[in-house]
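Colleague: Next input, structure requested:
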Amino acid sequence: MADWDQKTRITRRPRRLEEVQSTEVGFPIAWILIGALSGLIVIGLVGLGVLNIIRKQSITPTPSVIAGVAPTEAPAESTPGAAVVSPTIPPVVTLEPTATHTPTATPVPTLPEALEIGVYARVVGTDGAGISMRAGPGTNNARLNVATEEGVLFILDGPTADENQEDYVWWYVRDEDENEGWVVQDFLEPSLPPGVSE
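Modeller: Residues are numbered from 1 along each chain as shown. Sure thing, here's the model as predicted:
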């Protein structure tokens, strides 16, 4: 038996000290977490790629509508004896021409032949002094205003004889400043309205 022990000792290899200590091999927990996180990221990216492919395949373009053209049905397969459907074209709309308005000629104002109610009169012959507009048809009435030389007056009433039996004929007029009064006919001549030239 002693012999057997001797042989087994020679044939048996002694255990190393290192092998005894390294029987349990452990990984740090950080490496396990990094691996799991990387796996999840890869799975998520693959899932997004698949989802993107599915979305692009499911989108179908819708035909755009052209204004003025009615949509027609797609032609069905023709069967013997069936009527052939042709696309319908909308009718052409013809617009009626609009009548053009021909401008009418603007009447040319004509110079009145004589002084009368409703016409304009120009102050002339006063040597720049103007004409007195009085409260009544006579030189004894108060002077209300003075119409300037070349001023245009609108005749409201007249002709009226002088109150003092003088040889004057009077017209009741309104000037451009809305002043009214009686003026002597001797210093008036028919005129066009203010701002209108012959």
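
Colleague: What residues does residue 179 make contact with?
Modeller: 133, 144-145, 147 (Cβ atoms under 8 Å, 6 or more residues apart in numbering). C-beta here means a position set from N, CA and C on the backbone, and glycine is covered the same way.

Colleague: and those residues, which of them are in strands?
Modeller: Here DSSP state E is the test, and the contacts of residue 179 give 133, 144-145, 147 as lying in strands.

Colleague: Farthest pair within those residues?
Modeller: Greatest spatial distance among these (Cβ to Cβ): 144 and 147, at 10.3 Å.

Colleague: Identify the contacts common to these two.
Modeller: With Cβ under 8 Å, 6+ apart as the test, residue 144 and residue 147 both reach 133, 179.

Colleague: Which SSE is immediately downstream of the one helix or strand residue 37 maps to?
Modeller: Here residue 37 sits within helix 29-58, counting by DSSP states H and E. Per DSSP H and E, the first helix or strand lying C-terminal to helix 29-58 is strand 120-123.

Colleague: And for the helix or strand containing residue 183, what's in contact with it?
Modeller: Assigned by DSSP H and E, residue 183 belongs to strand 180-184. If you take Cβ under 8 Å, 6+ apart as the criterion, strand 180-184 is touched by 123, 131-138, 141, 144-145, 147, 153, 156, 160, 168-174.

Colleague: same thing but at 10 Å, please
Modeller: 121, 123, 130-139, 141-147, 153-158, 160, 162-163, 166, 168-175 (Cβ atoms under 10 Å, 6 or more residues apart in numbering).

Colleague: and it, how far from the chain's centre?
Modeller: 55 Å (Cα atoms, centre = their mean, to the nearest Å).

Colleague: C-alpha coordinates for that strand, CSV please?
Modeller: Extracted C-alpha coordinates of strand 180-184, given in CSV (Å, rounded to 0.1, in the frame of the first residue of the first chain):
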residue,chain,number,x,y,z
GLU,A,180,-75.1,139.3,-49.9
GLY,A,181,-76.2,142.8,-50.9
TRP,A,182,-77.4,145.1,-53.6
VAL,A,183,-75.1,146.3,-56.3
VAL,A,184,-75.3,148.7,-59.3
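
Colleague: which helices and strands sit right next to the helix or strand that that strand is followed by?
Modeller: For strand 180-184, the following helix or strand on the C-terminal side (DSSP H and E) is strand 188-191. Secondary-structure packing of strand 188-191 (3 or more Cβ pairs under 10 Å, 6 or more residues apart in numbering; DSSP states H and E): strand 120-123, strand 152-161, strand 169-174.
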